[in-house]
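[1] Provided below are the primary sequence and the corresponding predicted coordinates.
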Amino acid sequence: MKFATKAIHAGVEPDPSTGAIMTPIFQTSTFVQASPGQHKGFEYARSLNPTRQTLEKALAALENAKYAFAFGSGMAAIDTVIKLLKPGSEVICGDDIYGGSYRLFVRVYEDFGIKFHFTDMQEAQNVEKLVNENTKMIWVETPSNPLLRVIDIEAMVAIAKKHNLISVVDNTFATPYLQNPLELGADIVTHSVTKYLGGHSDVVMGALMLNDDKLAERLYFLQKSCGAVPAPFDCFLVLRGIKTLHLRMNASCENALQVADFLVNHPKIQDVYFPALPQHKGHDIAKKQMRKFGSMISFTLKDDTQAAAYRVLEKVKVFALAESLGGVESLCCYPAAMTHASIPAEVRKATGIKDSLIRLSVGCEDAEDLIADLTQALQ
């Protein structure tokens with residue numbers, strides 16, 4: 001089954017009681033049993049809900065996975081993965097990752113005795129040399145947030161398999177439409193469903209997809225026991241959103257190509273971070289493991305100051321100045337003070353997050369209007 005057909009139909013069946021083509025919102029906390037332990041597969045909504053079950057089947061189909069688990073947020077999904085580890089475990093991560101992930105790793109889980117090593121994963125040897133007897137997991141985010149670094153998933157998987165490590169890929173920026181890490185050998189894929197999968201900036205959710213039976217059994221136990229599950233109505237919204245994922249991604253990716261071309265040729269722009277550009281360090285790897293290059297772009301100004309960046313961000317009219325990404329509307333943000341504010345300034349600068357760095361989530365508007373908006377804001 002091709003992707004567009006899966007996005008619209010996978011996991012979804014007409015409601016047997018009414019024939020409704022959309023899965024109903026089962027807004028219930030519990031389910032009646034004929035006798036203790038005799039039920040129709042549902043006992044209590046935290047452990048399973050029919051609307052969530054349908055969504056999880058659809059999400060699994062999109063990533064060509066055997067299992068999918070939905071959570072109340074992307075961070076709840078990530079938190080659940082880290083709970084697979086024990087005190088004394090060590091994790092190797094990219095040094096350019098979402099600020100919320102960094103905050104969870106460093107300010108929460110390091111207090112529980114889990115150590116995180118951050119390194120530039122663009123070079124596989126940087127990861128290999130950090131592996132030791134305590135290493136249990138490799139955490140990959142590609143393309144990365146906010147510098148759009150592209151990490152070779154197959155190279156990271158090879159290291160993980162060599163040392164019997166769990167490999168995890170945050171696939172939020174690429175989406176299942178552009179990239180499928182499980183097919184490249186990854187053990188677990190995580191998404192902030194809030195972003196492209198939901199696609200309309202109206203829901204907060206996370207998801208994990210995988211094929212391994214034992215890992216899936218453990219993750220379901222954690223999902224049920226810790227309870228960070230999404231509401232039925234949110235699941236309904238995402239079921240609706242993913243039906244147009246391929247259409248939205250095609251439109252936003254095409255717009256991003258035009259916006260990037262504009263930025264590269266603008267006299268006030270210093271650097272543009274976008275995997276489609278031939279000069280991008282990860283361009284060839286992106287061509288190998290992605291179908292298109294995505295719609296996230298970051299750039300810096302020749303006037304590399306916070307004040308210059310603020311002047312641009314305060315003048316945009318079509319781009320909305322807001323956190324998050326992946327909606328039909330275009331967004332812009334200032335990572336240093338917004339999405340990555342929890343990362344210490346010295347760490348941000350060492351990673352390459354400059355004072356004028358602006359991140360764009362290019363949406364589905366007319367590209368000419370987006371370029372005109374950036375033109376007036378940069379003047």
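    All right, it came through fine.
[2] how is this protein carved up into domains?
    3-242, 245-378 (automatic domain parsing).
[3] could those be laid out in JSON lines, adding mean pLDDT and mean neighbour count?
    All C-beta atoms are positioned from the backbone trio N, CA, C, and that covers glycine. Shown next, in JSON lines, are the domains of the chain (pLDDT from 0 to 100; neighbours: other Cβ atoms under 10 Å):
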{"stretch": "domain 3-242", "mean pLDDT": "97", "mean neighbour count": "19"}
{"stretch": "domain 245-378", "mean pLDDT": "97", "mean neighbour count": "19"}
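[4] So the residue most central in space within the chain, which state does it fall into?
    Nearest to the geometric centre of the chain sits residue 172, at 1.8 Å (Cα atoms, centre = their mean). Here residue 172 takes the coil state, with states given by DSSP: H, G, I helix; E, B strand; the rest coil.
[5] Ramachandran angles for residue 138?
    phi -120, psi 120 (degrees, to the nearest 10).
[6] Beta-bridge partners for it, please?
    residue 92, residue 167 (DSSP bridges).
[7] any idea how far it is from residue 169?
    From residue 138 across to residue 169, the span is 9 Å (Cβ to Cβ, to the nearest Å).
[8] The residue nearest to the centre of the chain contacts residue 196, doesn't it?
    Yes. Using Cβ atoms under 8 Å, residue 172 is in contact with residue 196, at 7.3 Å.
[9] before we move on, back to that, what do residue 138 and residue 169 both touch?
    Counting by Cβ atoms under 8 Å, 6 or more residues apart in numbering, the shared contacts of residue 138 and residue 169 are residue 156.
[10] Show me what the helix ranked longest in the chain is packed up against.
    Longest helix of the chain, by residue count under DSSP state H: helix 245-264. Helices and strands touching helix 245-264, by 3 or more Cβ pairs under 8 Å, 6 or more residues apart in numbering; DSSP states H and E, are helix 3-9, helix 175-178, strand 269-273, strand 296-301, helix 367-378.
[11] Could you name the helices and strands sitting against the very next helix or strand once past the first one?
    Read it as helix 3-9. Per DSSP states H and E, the first helix or strand lying C-terminal to helix 3-9 is helix 50-62. In terms of contacts (3+ Cβ pairs under 8 Å, 6+ apart), helix 50-62 is packed against helix 3-9, strand 67-71, strand 206-210, helix 232-242.
[12] got a list of contacts for the last one?
    By that I understand helix 232-242. Contacts for helix 232-242 (Cβ under 8 Å, 6+ apart): 7, 12, 22-23, 25-28, 45, 49, 51-52, 54-55, 58-59, 62, 70, 193, 197-200, 202-205.
[13] if we can go back for a sec, now do the contacts for the residue nearest to the centre of the chain.
    Applying Cβ under 8 Å, 6+ apart, the residues near residue 172 are 74, 98, 141, 145, 190-192, 195-196, 326.
[14] Go again with 7 Å.
    Residue 172 sits next to 74, 191-192, 195 when contact means Cβ atoms under 7 Å, 6 or more residues apart in numbering.
[15] As TSV, these with distance to residue 128 and secondary structure would be great.
    Shown next, in TSV, are the contacts of residue 172 (distance: Cβ to Cβ, whole Å; DSSP: H, G, I helix; E, B strand; the rest coil):
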residue	distance to residue 128	secondary structure
74	28	helix
191	27	strand
192	29	strand
195	31	coil
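[16] which one of those residues is nearest residue 364?
    residue 195 (13.8 Å; Cβ to Cβ).
[17] quick one: contacts for the closest one?
    172, 324-326.
[18] farthest pair in these?
    172 and 324 (10.7 Å).
[19] Residue 2: how many residues sit nearby?
    7 (other Cβ atoms under 10 Å).
[20] how about it, phi and psi?
    Torsion angles, degrees, to the nearest 10, at residue 2: phi -70, psi 160.
[21] Please tell me how far it sits from residue 338.
    Taken as Cβ to Cβ, the span from residue 2 to residue 338 is 37 Å.
[22] measure residue 55 to residue 248 for me?
    Taking Cβ to Cβ, one finds residue 55 at 18 Å from residue 248.
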